[in-house]
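Novice: coords please:
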Amino acid sequence: MITDLLSGLFLKLFIFLWPIAVTFFLGHIAWTLWKHYIKTEWISGIKWIVLEVKPPRDVLRSPKAMELFFTNALYQIAGKDKKSKYWKGAVRLWFSLEIISIDGQVHFYIRIPSRLKGLVETQMYAQYPQAQIVEVDDYTLAVPYVGGDSGFDFWGCEWKLTKSDVYPIKTYVDFGLDKDPKEEFKVDPMSPLIELFGSIQKGEQMWLQIVIRANDKKYHTAGTYFDEHDLLKEAQNEITKITKDFTGVDANNKSKDMKTAPWQKDVVPAITSKVTKLTFETGIRLAYVAKKEDSNGNNKKNLRLIFRQYDTPHLNSFARTNGSGLATFFQIFQGNRFFISKKTRHTFTNAFFNAYRERAFFYMPLRQKKLPFPFSLFTFKYNQPNTFVLNTEELATLWHFPGQILKVPGLERVESKQASPPPNLPI
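Specialist: Numbering: from 1, shown residues only. Predicted structure coming up:
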């Protein structure tokens with residue numbers, strides 16, 4: 001009798017609740033599609049340009065100058081009101097810092113919205129008056145597609161941090177470049193990359209893009225379902241976690257003293273230093289492109305080593321992720337078919353190539369969204385890009401103009417000195 005009564009109650013409750021649940025489900029889908037639509041409309045209205053920045057012949061300033069450029073020109077954090085955000089689809093702008101080698105000729109590029117061209121030029125000239133800035137065509141358009149019968153061999157990957165975002169990588173300060181040493185005493189961490197890029201042969205290309213936007217990344221708060229916190233709070237949580245075993249407490253359970261372990265003498269100050277500077281949400285891609293007859297497999301392998309100099313075992317380091325190939329079982333198992341045709345592999349490679357060309361990290365199309373397990377086993381999609389947070393010091397370490405100590409014939413520099421920047425720069 002009681003069982004029949006409970007069954008009847010559950011049935012009535014189900015009949016009452018299922019229309020509400022379906023309504024919320026459909027409403028969530030409609031809201032997601034609406035946000036995607038208005039953001040796509042907003043982004044489609046942005047005109048992008050690529051600027052080549054030719055470094056001066058003599059770079060006498062430390063990478064600190066590049067930090068100031070990032071801060072003054074690229075830190076676009078202007079808040080959007082709710083109407084702009086949810087009705088017009090306004091998004092935070094993003095930029096791509098790029099180092100490219102084509103046939104061994106190395107170039108520095110910045111991809112920006114065209115309306116910020118004047119700001120970017122003036123701030124670059126403010127730090128490097130002898131540099132030269134020229135608007136150029138997008139080099140990726142010279143490659144129509146990759147794989148199959150395209151005639152091009154293509155390999156690429158993304159990069160991630162091996163630890164939490166609050167741990168810094170090794171920066172130019174650790175290499176002593178903040179002290180402006182004489183050229184013969186400089187140890188520039190960008191040297192391995194520029195040397196490799198300048199050593200490739202005719203028919204080969206190497207591409208590096210560092211896509212950034214002003215940081216507004218949130219982290220899930222442990223012990224809650226929906227609460228989030230920012231990078232500063234994440235740093236505080238991390239410091240508390242690594243020092244709790246070395247902190248004494250009094251009778252009232254309040255911190256009394258802290259005995260820092262030897263390995264913490266570098267870690268805690270490094271974390272604190274990172275979050276005291278402006279930060280950018282960052283995504284990094286690296287690619288090798290060559291005509292099939294000119295492809296060199298060794299250069300693909302060499303590319304995988306170019307970030308080793310930024311690794312610090314007790315702090316942070318880079319690791320490869322989201323490769324354009326399907327070499328690892330882990331990548332296939334994480335939501336893709338186990339048996340993949342050659343055509344599908346080409347589709348996957350072109351998805352990576354198109355993401356590179358679009359500099360897509362932050363506002364991915366719906367076709368890139370990955371379904372949850374177990375539905376993911378029956379779909380084949382390019383994995384969601386991996387982003388992390390770097391501060392201006394870390395970014396300036398990865399992208400700055402090397403001095404004359406780096407003798408790479410293929411590195412484009414301004415051959416003759418200019419008296420001053422062009423007088424007619426837009427304001």
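Novice: tell me the average confidence for the host helix or strand of K274?
Specialist: Using DSSP states H and E, the element containing K274 is helix 264-275. Average pLDDT, helix 264-275: 87.
Novice: which strands and helices sit next to it?
Specialist: helix 231-243 (3 or more C-beta pairs under 8 Å, 6 or more residues apart in numbering; DSSP states H and E). Where you see a C-beta, it was placed from the backbone N, CA and C, and this is true even at glycine.
Novice: Now do the helix it packs on: everything it contacts.
Specialist: For helix 231-243, the surrounding residues in contact (C-beta atoms under 8 Å, 6 or more residues apart in numbering) are 164-167, 215, 217, 219, 222, 229, 258, 260, 264, 267-268, 271-272, 274-275, 279, 389.
Novice: How about stretch 164-178?
Specialist: 62-64, 161, 186-189, 217, 231, 234-235, 238, 267, 270-271, 273-275, 309-312, 315-318, 388-391, 393-394, 396-397, 400.
Novice: Buried among those? Make that a PyMOL selection.
Specialist: The following PyMOL line selects those of the contacts of stretch 164-178 that are buried, judged by 16 or more other C-beta atoms under 10 Å:
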select buried, resi 62+63+64+161+186+188+189+217+231+234+235+238+267+270+271+274+275+309+310+312+315+316+317+318+388+389+390+391+393+394+396+397+400
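Novice: For the helix holding K274, which outside residues touch it?
Specialist: 166-168, 231-232, 235, 238-239, 242-243, 246, 260, 314-315, 391, 393-394.
Novice: Give me the helix or strand of this protein that scores worst on average pLDDT.
Specialist: helix 329-333 (a mean of 43; mean pLDDT, DSSP states H and E).
Novice: returning to that earlier point: now the element after the helix holding K274, going C-ward?
Specialist: strand 279-291.
Novice: Okay, buried residues for that next one please.
Specialist: T279, F280, E281, T282, G283, I284, R285, L286, A287, Y288, V289, A290.
Novice: And the helices in the chain?
Specialist: Ranges of helices within the chain are 2-44, 64-69, 82-86, 117-127, 191-199, 231-243, 264-275, 297-303, 329-333, 342-358, 392-398, based on DSSP state H.
Novice: highest average neighbour count across those?
Specialist: Most buried of the helices of the chain, by mean neighbour count (mean count of other C-beta atoms under 10 Å): helix 392-398, with a mean of 24.
Novice: Which residue ranges make up the domains of the protein?
Specialist: 17-46, 47-215+278-398 (automatic domain parsing).
Novice: Could I get the ones you listed in CSV, plus columns for distance to K407?
Specialist: Output for these, formatted as CSV (distance: least, C-beta to C-beta, whole Å):
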stretch, distance to K407
domain 17-46, 39
domain 47-215+278-398, 9
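Novice: Between the ones you listed, which one is closest to L9.
Specialist: domain 17-46 (12.2 Å; C-beta to C-beta).
Novice: Please compute how far that closest one lies from its chain's middle.
Specialist: Taking the mean of its C-alpha atoms, domain 17-46 sits 27 Å from the chain's own mean (C-alpha atoms, centre = their mean, to the nearest Å).
Novice: quick one: average confidence on stretch 158-169?
Specialist: Here the average pLDDT along stretch 158-169 is 93.
Novice: With stretch 110-123 instead?
Specialist: The model assigns stretch 110-123 a mean pLDDT of 95.
Novice: How far does that stretch stretch from one end to the other?
Specialist: 13 Å (C-alpha to C-alpha, to the nearest Å).
Novice: got it, and stretch 300-307?
Specialist: First-to-last distance for stretch 300-307 - C-alpha to C-alpha - comes to 14 Å.
Novice: D216 - how many residues pack around it?
Specialist: Residues contacting D216 under the criterion other C-beta atoms under 10 Å number 12.
Novice: Just confirm it contacts W94, I think it does.
Specialist: No: contact criterion C-beta atoms under 8 Å: D216 and W94 do not qualify, at 11.7 Å.
Novice: Now do E238, the pLDDT please.
Specialist: 87.
Novice: Against V275, how distant is it?
Specialist: 10 Å (C-beta to C-beta, to the nearest Å).
Novice: any idea which residue sits dead centre in this protein?
Specialist: What sits nearest the mean C-alpha location of the chain, by C-alpha atoms, centre = their mean, is G283, with 1.1 Å.
Novice: contacting residues for that one?
Specialist: E158, I210, V211, I212, F361, F362, P385, N386, T387, F388.
Novice: got it, and E228?
Specialist: K218, Y219, H220, T221.
Novice: Using CSV, write down the CA coordinates of the helix holding K274.
Specialist: The C-alpha trace of helix 264-275 is given here as CSV (Å, rounded to 0.1, in the frame of the first residue of the first chain):
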residue,chain,number,x,y,z
GLN,A,264,59.9,27.9,-0.6
LYS,A,265,62.4,30.8,-0.5
ASP,A,266,62.1,31.1,-4.3
VAL,A,267,58.6,29.8,-4.8
VAL,A,268,56.5,32.2,-2.7
PRO,A,269,58.3,35.4,-3.8
ALA,A,270,58.0,34.2,-7.5
ILE,A,271,54.3,33.7,-7.2
THR,A,272,53.8,37.0,-5.5
SER,A,273,55.9,38.8,-8.1
LYS,A,274,53.9,37.3,-11.0
VAL,A,275,50.5,38.6,-9.8
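Novice: In terms of pLDDT, where does the nearest residue to P385 once chain neighbours are set aside sit?
Specialist: Excluding its sequence neighbours, the residue lying closest to P385 (C-beta to C-beta, 6 or more residues apart in numbering) is F361, at 4.7 Å. For F361, the pLDDT comes out at 89.
Novice: separation between F361 and W94?
Specialist: Taken as C-beta to C-beta, the span from F361 to W94 is 7 Å.
Novice: so where's the stretch 201-350 of the chain uncertain?
Specialist: 245-263, 325-344 (pLDDT under 70).
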